[in-house]
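# okay, predicted coordinates and the sequence, questions at the end:
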Amino acid sequence: AARDPQVDLVIALRGGYGLTRLLPDIDFPLLAASGKRWVGHSDFTALQLGLLATTGAGSFAGPCV
């Protein structure tokens with residue numbers, strides 16, 4: 001989604017346990033540079049805080065699909 005020029009908004013499908021294990025493998029600079037709006041809740045908070053801590057980029061708390 002971060003590389004797709006037709007995508008403007010990325011909404012987490014669901015929350016739940018597990019995203020924290022993926023944090024070391026996420027390309028946060030790519031997410032920040034993409035210009036996309038990243039939206040989610042629950043476990044997605046780990047990604048949001050990782051994005052903020054590593055790049056200073058913001059994201060949105062909102063309902064999951």
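Here it is on my side, so go on.
# going forward, measure contacts and count neighbours with C-alpha atoms only.
OK.
# pLDDT on the longest helix seen in the chain, on average?
Counting residues, the longest helix in the chain under DSSP state H turns out to be helix 44-55. For helix 44-55, the mean pLDDT works out to 95.
# tell me which residues in it are buried?
Phe44, Thr45, Ala46, Leu47, Gln48, Gly50, Leu51 (16 or more other Cα atoms under 10 Å).
# in this structure the fourth one contacts Leu23, no?
Yes: the pair formed by Leu47 and Leu23 meets the contact definition of Cα atoms under 8 Å, at 7.0 Å.
# quick one: contacts of the helix or strand bottoming out on mean pLDDT in the chain?
Here the helix or strand of the chain ranked lowest by mean pLDDT, DSSP states H and E is helix 19-22, holding a mean of 90. With Cα atoms under 8 Å, 6 or more residues apart in numbering as the test, helix 19-22 has contacts from Asp43, Phe44, Ala46, Leu47.
# chain center to the next helix or strand along the chain from it: distance?
Sequence-wise, the next helix or strand downstream of helix 19-22 (DSSP states H and E) is helix 28-33. Computed by Cα atoms, centre = their mean, to the nearest Å, the chain-centroid distance of helix 28-33 equals 9 Å.
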